[in-house]
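*Asks:* Sequence first, then the predicted structure, then my questions.
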Amino acid sequence: AQSVTQLDSQVPVFEEAPVELRCNYSSSVSVYLFWYVQYPNQGLQLLLKYLSGSTLVKGINGFEAEFNKSQTSFHLRKPSVHISDTAEYFCALARGGSQGNLIFGKGTKLSVKP
Amino acid sequence: DTAVSQTPKYLVTQMGNDKSIKCEQNLGHDTMYWYKQDSKKFLKIMFSYNNKELIINETVPNRFSPKSPDKAHLNLHINSLELGDSAVYFCASSQGVTPTYEQYFGPGTRLTVT
């Protein structure tokens, strides 16, 4: 069975500090990996995705993630966070084949403090 | 222009009632989804439609019935509402069923059953 584990439920960090949000996945088949952001009382917005090719993926708002097949990880990073980055971040895995629905991790709440 | 819209945004109702949530997308996509986000922010797929045909039906009670009158709309009808149905329901759409297509999420409908 496929699954996604986000290791930290909450990550507090000071403004302008670097941050890493951790995500591990389990899958016996090829995977497609995503990071979504959910701002308070809003829907989800795609930050970045890994489909194939380069293992370092760059997304919007200065975020990037690295796909590591041997460690089955897809950690999200940003070198310097802003107050506006405060949100819930979800790592997701997509099933291959004809079913494109996403399997989500439980989310990581990023709180950026001044 | 809102790409994926849902109505209503908030829905408060009593146990035993029947209610519907509507979803519309103006992106020209042929695949639409319903996800449920529980009180712990965990997101899980409920249904997926492609060209008005049901392709994913996860273990959801029969009280939930999706209906897709055309490719741009996917409504969710819930019979005999229970307390455990309280959640935020997200609609999403994508250009196709394979994971390479980005899913666009609506703003969510917060359902509260009292």
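*Replies:* All right, it came through fine.

*Asks:* Nearest the geometric middle of the chain, what residue?
*Replies:* As the question left the chain open, I've gone with chain A. A:Trp35 (3.4 Å; C-alpha atoms, centre = their mean).

*Asks:* Wait, chain B was what I had in mind.
*Replies:* Note: chain B centre (C-alpha atoms, centre = their mean) maps to B:Trp34, 3.1 Å.

*Asks:* got a pLDDT number for it?
*Replies:* Predicted confidence (pLDDT) for B:Trp34: 94.

*Asks:* on that earlier part again, parallel or antiparallel, list what pairs with the helix or strand the residue nearest to the centre of chain A falls within.
*Replies:* Assigned by DSSP states H and E, A:Trp35 belongs to strand A:32-38. According to DSSP bridges, strand A:32-38 forms sheet pairs with strand A:44-50 (antiparallel), strand A:87-94 (antiparallel).

*Asks:* quick one, which of those strands is nearest to B:Ser20?
*Replies:* strand A:44-50 (22.3 Å; C-beta to C-beta). The C-beta positions use only the backbone N, C-alpha and C, and glycine is treated the same way.

*Asks:* In that closest one, which residues are buried?
*Replies:* A:Leu44, A:Leu46, A:Leu47, A:Leu48, A:Lys49, A:Tyr50 (16 or more other C-beta atoms under 10 Å in any protein chain shown).

*Asks:* Can you tell me which of these comes closest to A:Ser3?
*Replies:* Distance ranking of those against A:Ser3, using C-beta to C-beta, places A:Tyr50 first at 16.8 Å.
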